[in-house]
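S.K.: What follows is a predicted structure for the sequence shown.
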Amino acid sequence: MVDRSERFHQALPALALALVVLAEILSGRGQVVLGLAVIAPLVAATALSRRATVAYGAAAFVVGTLLGLYEQQYTAETAVAQSVRLVAVALAGVLAVATCELRLRREAQLARLGAEAAATRAAVRTGETLQRALLGDAPRVPGMETAARYLPGAREAQVGGDWYDAFPLADGRTMLVIGDVAGHDAPAAATMAQTRGMLRALARSGHTSPAAALTALDDVLAGLSLETLVTVAVATVDVRGLAAGAVPLRWSNAGHPPPVLVRADGSAEVLQRVPDRLLGTTPTDAPRSDHELVLHRGDTLLLYTDGLIERRGMTLDDGTAWLVRALRQLGREPLDRMCDGLLSALGTRGDDDIALLAVRLPA
């Protein structure tokens, strides 16, 4: 069907030229319609190549000249009028070629934009697949309700350095992690995967307190000479205390936005402590520190990256205050609904990725 349509468009200018000749012959001498020959190159300009349009422009001029002879238009009385007609046919041919050139350029531009859009969509799909493969399945904490979300920033490259994690330790506790490597590209995602894997290995090999795990990770990253900023918050929970209704929570923060605790009664507080230095920065004499509190039944802990609270025209303090207000409204919803509600309440998206990890003690 496509080939038939294409052949029809290719034949249309020739058909137009043939009809002009036929009309001139059938109308008889004195009915000058040879000027209609300009239709052929104009039609060619809408569908055919530049070379074909030039050919039909030349053919229209030749047909006009020959029909002028047939109509005996080269006498002293009609020579001027015939010359004007031929000039008009020639100018129409030039106009047709210019129109064809513009059309071809526009078609080439549209084809290029279409190819770029297709390549971008493919890159986005590949990036999202890679990012989710690096993050792995949504973590689960035995004995606690768990929800996690990852939302890529509004960028063409859909890979970045945000990650969440949760895994068991040898002593029966569970380690919770939220982290952010600066950047929105493949190197940031690679650094994230390295950091995530190394933290897991260090925590499971004996560095079981959050501060100890981060201190050990500092040493490893210093040996890698990474030229990027990494922030991370690490926490441990021991759900074995759930039978008594109180679960110990210990956490350490390496320059990351502080976790938010939503109590069972709906009140929300930022676990704001003086944050330790970012990961991989030059060590100081000040050791990393652990902080502790107790979780009770129905309490929810939210770990998140700065994309959740960072907006143009807003300070991080303003963003944190917004998050606390939102959690006071959503904090007692089921965890999946709470996380989705936070993301939908953002309004306009920022440029940064967002990662969320929420855990809740059953009521």
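M.R.: Everything's here; your move.
S.K.: I'd like to know how many residues surround R7.
M.R.: R7: 10 surrounding residues under other CB atoms under 10 Å. For glycine as for every other residue, the C-beta is placed from the backbone atoms N, C-alpha and C.
S.K.: pLDDT score for it?
M.R.: Listed pLDDT for R7 reads 74.
S.K.: Could I get the buried residue list for stretch 192-201?
M.R.: M192, A193, Q194, T195, R196, M198, L199 (16 or more other CB atoms under 10 Å).
S.K.: That stretch - what's its average pLDDT?
M.R.: 90.
S.K.: so where is the stretch 101-250 of the chain shaky, pLDDT-wise?
M.R.: 120, 122-137, 154-159, 226 (pLDDT under 70).
S.K.: That one: helices as residue ranges?
M.R.: For the stretch 101-250 of the chain, the helices defined by DSSP state H, counting those that start in this stretch occupy 186-204, 210-224.
S.K.: can you list these in CSV and add distance to V260?
M.R.: Below are the helices of the stretch 101-250 of the chain laid out as CSV (distance: least, CB to CB, whole Å):
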stretch, distance to V260
helix 186-204, 22
helix 210-224, 17
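S.K.: which stretch among those helices comes nearest A76?
M.R.: helix 186-204 (80.1 Å; CB to CB).
S.K.: Any idea how far the closest one is from the middle of the chain?
M.R.: In terms of CA atoms, centre = their mean, to the nearest Å, the centre of helix 186-204 is found 24 Å from the chain centre.
S.K.: cool, stretch 138-148 as well?
M.R.: 28 Å.
S.K.: Only the C-alpha atoms, please, for stretch 65-76, written as PDB.
M.R.: Extracted in PDB, the C-alpha atoms of stretch 65-76 (Å, rounded to 0.1, in the frame of the first residue of the first chain):
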ATOM      1  CA  THR A  65       7.800  26.800 -25.300                       C
ATOM      2  CA  LEU A  66       6.500  24.000 -27.600                       C
ATOM      3  CA  LEU A  67       2.900  24.800 -26.800                       C
ATOM      4  CA  GLY A  68       3.700  28.400 -27.700                       C
ATOM      5  CA  LEU A  69       4.800  27.200 -31.100                       C
ATOM      6  CA  TYR A  70       1.700  25.100 -31.400                       C
ATOM      7  CA  GLU A  71      -0.400  28.100 -30.500                       C
ATOM      8  CA  GLN A  72       1.600  30.400 -32.900                       C
ATOM      9  CA  GLN A  73       2.400  32.700 -30.000                       C
ATOM     10  CA  TYR A  74       5.700  34.000 -31.400                       C
ATOM     11  CA  THR A  75       4.200  36.500 -33.800                       C
ATOM     12  CA  ALA A  76       5.000  40.200 -33.500                       C
END
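S.K.: what's the average pLDDT for it?
M.R.: 74.
S.K.: Buried residues, it. List them.
M.R.: Those buried within stretch 65-76 under the rule 16+ other CB under 10 Å are T65, L67, G68, E71, Q73.
S.K.: Among these, name the ones in strands.
M.R.: Assignment to strands by DSSP state E places none of those there.
S.K.: Let's have the residues you listed in a markdown table, adding distance to L12.
M.R.: Shown next, in a markdown table, are these (distance: CB to CB, whole Å):
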| residue | distance to L12 |
| --- | --- |
| T65 | 23 |
| L67 | 20 |
| G68 | 24 |
| E71 | 25 |
| Q73 | 27 |
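S.K.: tell me which element R51 is part of?
M.R.: If you go by DSSP states H and E, R51 is part of helix 50-70.
S.K.: wait, what's in contact with L335?
M.R.: E145, T146, A147, T300, A358, R360 (CB atoms under 8 Å, 6 or more residues apart in numbering).
S.K.: Then R149?
M.R.: Here R149 is in contact with C339, D340, L343, I354, A355, L356 (CB under 8 Å, 6+ apart).
S.K.: can you rerun that using 10 Å?
M.R.: 138, 164, 304, 308, 336, 339-340, 342-343, 354-358 (CB atoms under 10 Å, 6 or more residues apart in numbering).
S.K.: and if you look at V181?
M.R.: With CB under 10 Å, 6+ apart, V181 has these contacts: 160-163, 187-196, 226, 228-232, 279-280.
S.K.: let's see it at 7 Å
M.R.: Residues in contact with V181 (CB atoms under 7 Å, 6 or more residues apart in numbering) are G161, A188, T191, M192, T195, T228, V230.
S.K.: What about the closest residue to the last one other than its chain neighbours, how many residues nearby?
M.R.: Think V230. Excluding its sequence neighbours, the residue lying closest to V230 (CB to CB, 6 or more residues apart in numbering) is L279, at 4.0 Å. Around L279 there are 25 other residues, counting by other CB under 10 Å.
S.K.: With the one 10 residues further on instead?
M.R.: Using other CB under 10 Å, S289 has 14 neighbouring residues.
S.K.: buried residues in the helix or strand encompassing D317?
M.R.: According to DSSP H and E, D317 maps onto helix 316-330. By 16+ other CB under 10 Å, the buried positions in helix 316-330 come out as G319, T320, W322, L323, V324, A326, L327, L330.
S.K.: ok, and what's touching that helix?
M.R.: 260, 262, 266, 268, 270, 302, 308-311, 338, 341-342, 345.
S.K.: out of the residues you listed, who's nearest A58?
M.R.: R311 (63.5 Å).
S.K.: For the closest one, what is the enclosing helix or strand?
M.R.: Going by DSSP H and E, R311 is not part of any helix or strand.
S.K.: For it, grab phi and psi.
M.R.: Main-chain dihedrals, R311, degrees, to the nearest 10: phi -140, psi 150.
S.K.: And for it, the neighbour number?
M.R.: 19.
S.K.: and what of I178?
M.R.: 26.
S.K.: ok, it - contacts?
M.R.: Y164, V232, A233, H256, L303, Y304, T305, A355, L357.
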